[in-house]
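*Asks:* sequence plus predicted model, see below.
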Amino acid sequence: ANGESCLFWGGVPLERRSSLTHATNPRVTLRNWHLFPRGRIALLSQLSPGVVDAKLKLSEGEPEPPLAIAEPEVLHLVKGMGLTTAEHASLEVHAKYRYLVTVDAADRVYWLLQLEAVVLIAETAEERLFLPAGPLRPFEHYLPIK
């Protein structure tokens, strides 16, 4: 794998309503925003600059759901911490990085695997993304992470 040596996550909204996490925690609050996988990876970027490059996506400066359904204080906090971006991370942007991560069951993992990069997939995404006898095998096609 070639490219920038930090871990990249291409910024999407904090959580989607379809996420399994929302079944038990339907509202993004100041007390729980950092517990969602997307909140965690964005926060990790803040704590480890140069090691992790990750931002939460805003659409034209406005939050996409469910940041839109989050408490206003959460949006103010993540914006103030510099954890948001209005830019879409294209395939070309992803291709610049040596390490890519997906923290949810996004279908983009299939095109991430096409790039010359090491792809890390969170266990929660791994469980929802693949069939039990799926064609992708951990440690062969991707690295599972907690």
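*Replies:* Structure received.
*Asks:* and the helices in the protein?
*Replies:* Taking DSSP state H, the helices of the chain run over residues 21-24, 37-47, 72-80, 91-95, 109-112, 123-129.
*Asks:* now do the contacts for Leu83.
*Replies:* Applying C-beta atoms under 8 Å, 6 or more residues apart in numbering to Leu83 gives the contacts 42-43, 45-46, 55-56. In this view, the C-beta of every residue, glycine as well, is placed from N, C-alpha and C.
*Asks:* quick one: pLDDT of it?
*Replies:* pLDDT recorded at Leu83 is 90.
*Asks:* any idea what Leu120 is bridged to?
*Replies:* Val101, Leu143 (DSSP bridges).
*Asks:* okay, now it: neighbour count?
*Replies:* 18 (other C-beta atoms under 10 Å).
*Asks:* let's number from 577 now, not from 1
*Replies:* Right, with 577 as the first residue, what we last looked at is Leu696.
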